[in-house]
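1. Model the following, please.
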Amino acid sequence: AADRRLAGRRRFYKNVGIAPTMAPIKPDENNKMTNGGNTISSPISAGVDGTQSATGVSTSIKDSSKWTSRLNPNNDNVDNKDEWYSVTLDGRAIRTPLGLPFALPSPALALAVASEWDSQKTYLQPAQMPIMTLCCTAIDQVASDPSAHQTDIIRYLRNDTSCYWADPTDDRVLYRQQSQAWEKLHKSVSSELLELPDDLGPAQAVGGSDALLISRKSDGNQMSGLPHPPLLVERAQKWIESLDAWTLTALYSACAESKSFFIGAAMIFEATQHARGECNVAPRDPKWA
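-> Model prediction:
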């Protein structure tokens, strides 16, 4: 694929807006689909350093039949143009790095991306457009093949930062703060999201020696990392695999930033519950979240 990166290019547009557009439809073998011809390329390259290749980066849609469903959380709205929005530059809709229509499932998300474009001054700086980048990732990468992101999220679970606690004999204050912050978080995610029994939770390592010991591969722990209960890992995997491309991309980003499955899962679950008008997840202490 041709390099579509515009990083460092002078701002070439005056007006930024959003407009109703078609919901994502099945692309052809060349990643093309009919969604209007008045479009403009994305400044975010599919790979890194202006290239279209990088580890874990797809340069084509691997399964176009599932690509559409992963982008459509509400499949009943596929034909409802008013439910999807594009971002426009001087009236021209932008496209993703792979050349796919940049169609978003909510006006709020489209406005957030539009504000990033509008905040660009003399030169375009894609690094200052995180929401745009995440949306492109969801459309071009995660919807095409979510397996790499799903696997990485499970890795964060097996090495979850919130499960490694200080030794109380070395730092009693830090241990108490971690206990107050993490115990309620673990219980909420385990019971509310993963629907585990009250007495079942994640494995925890206290102190450096304990962390090294229980994280090693052994007969009882075939994979390196914390030996969480198999049911917890199974439920987490099942929930991760149930997520659409947008939610999975957000979860991956939250886990990567926090180095924690539990923090990332709590953020996504809390946001979902708020959208439904209810929230039972324990609020996160800003010092630790």
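2. What helix or strand is the closest residue to Met267 other than its chain neighbours located in?
-> Leaving aside its sequence neighbours, Met267 sits nearest to Ala254 (C-beta to C-beta, 6 or more residues apart in numbering; 4.8 Å). Yep, even glycine has a C-beta here, placed from its N, CA and C like the rest. Assigned by DSSP states H and E, Ala254 belongs to helix 245-258.
3. Run through the helices of the stretch 1-150 of the chain in chain order.
-> Using DSSP state H, counting those that start in this stretch, the helices of the stretch 1-150 of the chain run over residues 64-71, 107-118, 130-136, 147-158.
4. Using CSV, write out every CA atom in the first one.
-> Okay, so that is helix 64-71. Extracted C-alpha coordinates of helix 64-71, given in CSV (Å, rounded to 0.1, in the frame of the first residue of the first chain):
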residue,chain,number,x,y,z
SER,A,64,-14.4,-9.1,5.2
SER,A,65,-17.5,-11.0,6.4
LYS,A,66,-16.6,-10.6,10.1
TRP,A,67,-15.0,-7.2,9.6
THR,A,68,-18.4,-5.6,9.1
SER,A,69,-20.0,-7.3,12.1
ARG,A,70,-17.1,-6.4,14.4
LEU,A,71,-17.6,-2.8,13.6
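5. follow-up on the earlier one: the helix or strand following the helix holding Ala254 - contacts with which helices or strands?
-> The C-terminal neighbour of helix 245-258 among helices and strands, as given by DSSP H and E, is helix 261-276. On a contact count with 3 or more C-beta pairs under 8 Å, 6 or more residues apart in numbering; DSSP states H and E, helix 261-276 meets helix 147-158, helix 172-188, helix 230-242, helix 245-258.
6. List the neighbouring strands of the helix or strand that the longest one is followed by plus their orientation.
-> Read it as helix 172-188. Note on helix 172-188: by DSSP H and E, the next helix or strand toward the C-terminus is strand 205-206. With DSSP bridges as the test, strand 205-206 is paired with strand 164-165 (parallel).
7. Identify the residues contacting the nearest residue in space to Ser119 that is not next to it in sequence.
-> Nearest residue to Ser119, sequence neighbours excluded (C-beta to C-beta, 6+ apart): Gln128, at 7.2 Å. Going by C-beta atoms under 8 Å, 6 or more residues apart in numbering, Gln128 touches Glu116, Ser119, Gln120.
8. of those, closest to Thr249?
-> Glu116 (16.0 Å; C-beta to C-beta).
9. ok, the closest one to Asp170 distance?
-> As judged by C-beta to C-beta, to the nearest Å, Glu116 and Asp170 stand 44 Å apart.
10. what does Ser69 give?
-> Distance from Ser69 to Asp170, by C-beta to C-beta: 50 Å.
11. These two: who's more crowded?
-> Ser69 (16 against 10; other C-beta atoms under 10 Å).
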